[in-house]
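> This is a predicted model, with the sequence first.
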Amino acid sequence: MRIATMFTTAAFVALFSVSAMAQTATTPSTTTTTPSATTSTPSTTTTTKPKATKPAQTAVSKACSTQADAKGLHGKARAKFRSDCKKNGGKV
């Protein structure tokens, strides 16, 4: 029974390793083809609010954590406080 389990495991490993190797990226060929007719589609632009930069987000998060530490909050109360604090930009 133990030998059969080892062979079965080895077969699965071999099967999955072969499929993983088949999915690796390949280098594109050096030949290029150009389409006979090109069509251009109108590009659509969407306006979204610019996201805060990472250093600003980190500073707000650290400020909220410091405030939560000062208040001695733990667990769910701390998570709620930090969430509200970050929504207000680090000010409570």
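Happy to help now that I have it. Numbering: from 1, shown residues only.

> ok, which stretches of the protein are strands?
Assigned strands in the chain: none (criterion: DSSP state E).

> which stretches of it have low pLDDT?
15-53 (pLDDT under 70).

> could you pull out the helices for it?
Ranges of helices in the chain, per DSSP state H, are 2-22, 54-71, 75-87.

> want to throw those into JSON lines with mean neighbour count?
All C-beta spots, glycine's among them, are computed from the backbone N, C-alpha and C. Below are those laid out as JSON lines (neighbours: other C-beta atoms under 10 Å):
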{"stretch": "helix 2-22", "mean neighbour count": "9"}
{"stretch": "helix 54-71", "mean neighbour count": "14"}
{"stretch": "helix 75-87", "mean neighbour count": "13"}
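
> what sits against Ala63?
Applying C-beta atoms under 8 Å, 6 or more residues apart in numbering to Ala63 gives the contacts Cys85, Gly90.

> distance of Gln57 from Met1?
Remark: distance between Gln57 and Met1 (C-beta to C-beta, to the nearest Å) = 56 Å.

> Ok, Val13 next?
19 Å.

> Kindly report the same for Leu73.
55 Å.

> Kindly report the same for Pro55.
The value you get for Pro55 to Met1, if C-beta to C-beta is used, is 59 Å.
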